[in-house]
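Asks: just need the structure, nothing else, for what follows:
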Amino acid sequence: MVKKVDTLEGKTKSEKVYEFLRAKILAAEYKPGDRIVIREIARQLEVSDIPVREAIKKLTADGLLEIKSHSGARIAPLNLKNLEEMFLIRLELEPLATRLAAKSATDEEITLLENLVLEMEQHLKDNDIEEYTKANRAFHKELYRSSHAPVLIEIIENLYLRSENSKSIFQHDPDRLLASNEEHQAIVNALKNKDEENAAKLVHAQKEHGFKVVLNALKVSSQFWGEN
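Replies: Numbering: from 1, shown residues only. Next up is the predicted model:
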């Protein structure tokens with residue numbers, strides 16, 4: 001059942017529609033090339049067309065949608081070359097943010113990260129991959145925010161938005177997720193010890209593995225619609 005826009009997070013109707021559509025795109029409920037029909041979204045969320053158009057404009061700026069003159073808004077196709085570039089940049093910036101977090105994270109921030117590790121552990125025990133994925137995203141978001149470097153955080157968030165829907169094309173390996181969460185705990189331990197080098201190294205290795213899995217899956221997937 002679709003929630004009314006008044007029950008969704010956000011301050012304005014366009015922000016609420018934006019959050020609604022972005023969540024669906026990142027959850028792979030829409031696939032690359034799927035059309036976004038303004039009138040249908042407006043009817044589902046019980047709003048006028050205007051906030052939907054505003055949300056679409058912002059999602060297009062984020063790189064999640066593209067506008068075609070004759071067919072309107074569609075989910076942006078996956079482009080291997082662009083993703084490789086974004087992953088390369090993320091592979092530099094996310095370890096940097098982690099290094100800074102090892103310097104700057106407060107006790108409260110470290111506790112929050114540790115609680116997210118425990119939450120992910122429970123989701124794995126429950127075999128709830130969807131909730132694990134949400135907690136994993138929250139972990140990395142809070143980890144980078146602990147760097148207290150707002151410009152760097154904004155760049156990483158933008159790159160995440162532009163690339164993360166690519167993960168919709170492959171299945172998660174439960175054994176890999178278990179190993180990944182052990183790495184999360186190791187990252188938290190490094191932050192506790194203010195071990196910048198090890199914290200950055202752990203994130204680099206984890207992200208490098210994840211990006212390789214995504215790119216390899218894209219290369220063989222029939223859902224890859226972008227240009228090579």
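Asks: look up phi and psi at the closest residue to residue 105 other than its chain neighbours.
Replies: Sequence neighbours aside, residue 146 is the residue nearest to residue 105 in space, at 3.9 Å (criterion: CB to CB, 6 or more residues apart in numbering). All C-beta atoms are positioned from the backbone trio N, CA, C, and that covers glycine. Torsion angles at residue 146 (phi, psi; degrees, to the nearest 10) stand at phi -70, psi -10.
Asks: do you know how far residue 146 is from residue 53?
Replies: Separation of residue 146 from residue 53 (CB to CB, to the nearest Å): 36 Å.
Asks: ok, residue 98 next?
Replies: 38 Å.
Asks: same deal with residue 25?
Replies: Distance from residue 25 to residue 53, by CB to CB: 17 Å.
Asks: more crowded one of those two?
Replies: It is residue 25, of residue 25 and residue 53, that has more neighbours when counted by other CB atoms under 10 Å, with 24 against 15.
Asks: residues of the helix or strand containing the more buried one that come out buried?
Replies: Per DSSP states H and E, residue 25 falls inside helix 13-26. Using 16 or more other CB atoms under 10 Å as the test for burial, helix 13-26 gives 13, 14, 15, 16, 17, 18, 20, 21, 22, 24, 25, 26.
Asks: what's the answer for stretch 79-99, then?
Replies: 79, 82-83, 86-87, 90, 93-99.
Asks: nearest to residue 191, of the residues you listed?
Replies: The nearest member of those to residue 191, counting by CB to CB, is residue 98 at 8.2 Å.
Asks: following the helix or strand hosting the closest one, which helix or strand shows up next?
Replies: Assigned by DSSP H and E, residue 98 falls within helix 80-104. Counting by DSSP H and E, the next helix or strand C-terminal to helix 80-104 is helix 107-125.
Asks: residues in contact with that next one: which ones?
Replies: 101, 105, 129, 131-132, 135-136, 138-139, 142-143, 145-146, 174, 177-178, 181, 184-185, 187-188, 191-192 (CB atoms under 8 Å, 6 or more residues apart in numbering).
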